[in-house]
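Colleague: sequence and predicted model, in that order:
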Amino acid sequence: MNTSNLFRIALRAINKNKMRAFLTMLGIIIGVASVIAMLAIGQGSKQSIETQISEMGSNMIMIMPYDANSPGGVRMGPSDVQTLENKDYEDIKNKAEYVKAVSPNATSSGQFIYENNNYPSTITGVAPAYLEIRQLNIESGYMFTDIDIAQNNKVCVVGKTIVDNLFPNGQNPVGKIIRFNSIPFEIIGVLESKGYNTMGMDQDDVVLAPYTAVQKRILSINYLRGIYCSAETEELTPKAVESITKILAANHHISDPNAYDFEIRSQEELSTMLTSTSDLMTILLACVAGISLIVGGIGIMNIMYVSVTERTKEIGLRMSVGARGGDILWQFLIEAVMISITGGLIGLLLGFFASYCLKVFANWPILIESWSVIISFFVCTAIGIFFGWYPAKKAAKLDPIEAIRYE
Amino acid sequence: MKTIIKLSDIKRDFQVGEETVHALKSVSFSIEEGQFVTIMGKSGSGKSTLLNILGCLDTPTSGTYLLDGTSVQAMNKDQRARIRNRKIGFVFQSYNLLANTTAIENVELPLMYDSTFSSEERKKRAVAALETVELGDRMLHKSNQMSGGQMQRVAIARALVNNPSVILADEATGNLDTRTSFSIMKILQQLHSEGRTIIFVTHNNEIASYCERNIVLRDGRIIEDKYNSKILSAAEALEKLPKEEEL
């Protein structure tokens, strides 16, 4: 018995009972469609989180000062710890491996004033490389340069929120002088808008100035609030972190990792935390959908079982004209798998359609990954085999003499 | 003349609860190629058991069975399935056609289980077999669109299609009216005249007079085995019947 004949026999059998085959398929169709749609929703929301994180710079590394004093003493928050210095920044910039951009960070909060408008915000002292690290772009004007850094120039680049609040009449802010705690800063550039991030923070509420100007002209300090770096690639982030750690440990003369007076965080950790939530949701949704797929599989088993009983006489005849037990087994198994695969394909299309509708009408982020399609397809085949096996085995074991006289 | 079937000392016992039922008690006979034999007997005489053994659906408890030179009794299930596929054609009382399936697909069925046939060859053979039973014009009719006589002729075509060593007919006219029965007998006689070996199992005495040889069973033994000196023609009998509307 060759396989093509078996397929032909199974096809004829399905063809004879189209309505029943379709109703059997319905369970699988609904199961697969819901698995596809649920995974699409889960993957879509995960992707949108990841996109937002990568907009913040997925290969970003943050170095914060850390108070390593043992419990008992007065512990201080990171902003009051004065362990990171400009030398650390210079060394990372010059010596660290796998790091492509470094910027120090010194901040101060206060009121910005332009004519009779004012707005509370934070002035962030950075190096020009900060734009690359945070993936910011200049919309108009230009970014300050290393010369401005060297000369502690009082220039700044502002975000859209600052522009909207200080220049409500739509004047061009470039070239205007705003005051921060009565210290004048000239606006030399405006940043492209980035909107709100996943955590609901306004990414346009920002004023960037040379870190030397912030340190010396506003705060009168010589330490840093933090250092931002970006690794060459996202994959190289751990190696970059390792290299930075070595440099800082050497600079600070600390050999015990528990005693480090700095803390290094990569964006990866944030991304893992956020995506794990959406992963959990995806798994939950897929499990619920998977249950409906199993119910669909039981439907197949049920129908195949009835079908074997109903076709006992036919099985007897097939055996008497030369079908072996194996041929009968394969016939019913192929029939079950064909029903489940056809149902699976229809379900796949329905799932695509449902996902598309969610995207268009409900505006949900949707992403259909090729692996979710492949998995559903294999699960369908497996369900067909698993639930088709028992009825097929029962058919193959029939005694031809009894089967052919079965009424 | 070649011996197609040779049974020697065939016994078949069934275990029913505590009791052993001896369905066949030492049956021996040979059938030559081209013979048309009836096996008769009342219900319970063991003819169904004998038919199952002849048809390789069942194996004897003891004794030897040679079918076309091959020893059958030691074969396993799959080997017997294969020999049924190649050497035996069955015709059943209740036709046993696949429901809602065309005549040609029904006839093709045995060849579907023989991988040596291509689909063209299969079709060619099925068409030839249907033409032999005068159903050349009904090939695409479905089994539920046919009369009993037509269905039985499709069943005969199905039994012929694998060019078997022997055709086993089990009460093949049992469900049919007199006229249709004669037409089926006519076809079987015609096949016999072409050299086919046919074994017809029946409890109807009348059938015997249309066959060459008659074996009678009672209580699991052969009580009579004689050749028919005057074989009646089913075609003539059909002529003599009062004219009716064609089937």
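Modeller: Thanks, I have the structure now. Numbers count the residues shown, from 1 in each chain, chains lettered A, B, ... in the order given.

Colleague: for stretch B:124-140, buried residues please.
Modeller: B:125, B:126, B:127, B:129, B:130, B:132, B:133, B:135, B:138, B:139 (16 or more other CB atoms under 10 Å in any protein chain shown). Any C-beta I mention is one placed from the backbone N, CA and C, and that applies to glycine too.

Colleague: next one: stretch A:352-363
Modeller: Residues of stretch A:352-363 classed as buried: A:352, A:354, A:355, A:358, A:359 (neighbour count, 16+ other CB under 10 Å).

Colleague: wait, what's in contact with residue 237?
Modeller: As the question left the chain open, I've gone with chain A. A:59, A:61, A:231, A:266, A:267, A:268 (CB atoms under 8 Å, 6 or more residues apart in numbering or on different chains).

Colleague: oops, I was thinking of chain B
Modeller: Neighbour list for residue B:237: B:182, B:185, B:210 [criterion: CB under 8 Å, 6+ apart].

Colleague: change it to 10 Å
Modeller: B:178, B:179, B:181, B:182, B:183, B:185, B:186, B:206, B:209, B:210 (CB atoms under 10 Å, 6 or more residues apart in numbering or on different chains).

Colleague: tell me the confidence at it?
Modeller: Per-residue pLDDT puts residue B:237 at 87.

Colleague: grab the nearest non-local neighbour of whichever residue of chain B sits closest to chain A.
Modeller: In chain B, the residue that lies nearest chain A is residue B:85 (2.4 Å; CB to the nearest CB). In space, and not counting its chain neighbours, residue B:85 is closest to residue A:322: 2.4 Å by CB to CB, 6 or more residues apart in numbering or on different chains.

Colleague: ok, that neighbour touching residue B:77?
Modeller: No: assessed by CB atoms under 10 Å, residue A:322 is found out of contact with residue B:77, at 11.7 Å.

Colleague: ranges for the helices of chain B?
Modeller: Under the criterion DSSP state H, chain B contains helices at B:47-54, B:77-87, B:103-112, B:119-132, B:148-160, B:178-193, B:205-208, B:234-240.

Colleague: what's the closest of the ones you listed to residue A:175?
Modeller: Across these, residue A:175 has its closest neighbour in helix B:119-132 (85.4 Å, CB to CB).

Colleague: wait, what's in contact with the residue nearest to residue A:216 when sequence neighbours are not counted?
Modeller: The shortest distance from residue A:216 to any non-neighbouring residue, by CB to CB, 6+ apart, is to residue A:152 (5.2 Å). Residue A:152 makes contact with A:209, A:210, A:211, A:212, A:213, A:214, A:215, A:216, A:217, according to CB under 10 Å, 6+ apart.

Colleague: which one of those residues is nearest chain B?
Modeller: Looking across the contacts of residue A:152 and measuring by CB to the nearest CB, the closest to chain B is residue A:211, at 81.7 Å.

Colleague: with adjacent residues omitted, what lies nearest to that closest one?
Modeller: Once flanking residues are discounted, residue A:211 sits nearest to residue A:125: 3.5 Å by CB to CB, 6+ apart.

Colleague: that neighbour belongs to a strand?
Modeller: Yes: assessed by DSSP: H, G, I helix; E, B strand; the rest coil, residue A:125 belongs to a strand.

Colleague: name whatever forms a beta bridge with it.
Modeller: Beta bridges link residue A:125 to residue A:106, residue A:209 when assigned by DSSP bridges.

Colleague: okay, now it: neighbour count?
Modeller: Neighbourhood size, residue A:125 [other CB atoms under 10 Å in any protein chain shown]: 28.

Colleague: before we move on, what about residue A:217?
Modeller: Neighbours of residue A:217 under the rule other CB under 10 Å: 17.

Colleague: how much space separates the one residue sitting closest to the centre of chain B from residue B:95?
Modeller: Centroid-nearest residue in chain B, with CA atoms, centre = their mean: residue B:168, separated by 1.8 Å. Using CB to CB, to the nearest Å, one gets 14 Å for the distance from residue B:168 to residue B:95.

Colleague: restricted to strands, list the contacts of residue A:152.
Modeller: Among these, the residues falling in strands (DSSP state E) are A:209, A:210.

Colleague: next up, identify which helix or strand the residue in the stretch 51-200 of chain A positioned nearest to chain B is on.
Modeller: At 54.7 Å from chain B, residue A:51 is the closest residue in the stretch 51-200 of chain A, using CB to the nearest CB. Counting by DSSP states H and E, the element that carries residue A:51 is helix A:18-55.

Colleague: quick check: next helix or strand after that helix?
Modeller: strand A:60-65.

Colleague: before we move on, the earlier item: off-centre distance for the helix holding residue A:51?
Modeller: Here helix A:18-55 is found 17 Å from its chain centre; the criterion is CA atoms, centre = their mean, to the nearest Å.

Colleague: give me the angle between it and strand A:60-65.
Modeller: Angle of helix A:18-55 versus strand A:60-65, following axes from the mean of the first three to the mean of the last three CA atoms, to 10 degrees, is 50 degrees.

Colleague: buried sites along stretch B:190-202?
Modeller: For stretch B:190-202, burial by neighbour count (16+ other CB under 10 Å) applies to B:191, B:192, B:196, B:197, B:198, B:199, B:200, B:201, B:202.

Colleague: now, which of those lie within strands?
Modeller: Mapping those onto strands (DSSP E) picks out B:198, B:199, B:200, B:201, B:202.

Colleague: report the contact partners of the first one.
Modeller: Read it as residue B:198. Residue B:198 sits next to B:31, B:34-38, B:89, B:91, B:159, B:166-169, B:172, B:188-189, B:191-192, B:211-212 when contact means CB under 10 Å, 6+ apart.

Colleague: so where is chain B shaky, pLDDT-wise?
Modeller: Along chain B, the parts satisfying pLDDT under 70 run over B:243-247.

Colleague: count the neighbours of the residue nearest to residue A:296 when sequence neighbours are not counted for me.
Modeller: Nearest residue to residue A:296, sequence neighbours excluded (CB to CB, 6+ apart): residue A:27, at 2.8 Å. For residue A:27, the neighbour count with other CB under 10 Å is 25.

Colleague: can you give me the helices in chain A?
Modeller: Applying DSSP H to chain A gives helices spanning A:3-16, A:18-55, A:86-95, A:130-133, A:146-150, A:160-166, A:211-213, A:237-252, A:267-310, A:312-320, A:325-357, A:370-396, A:400-404.
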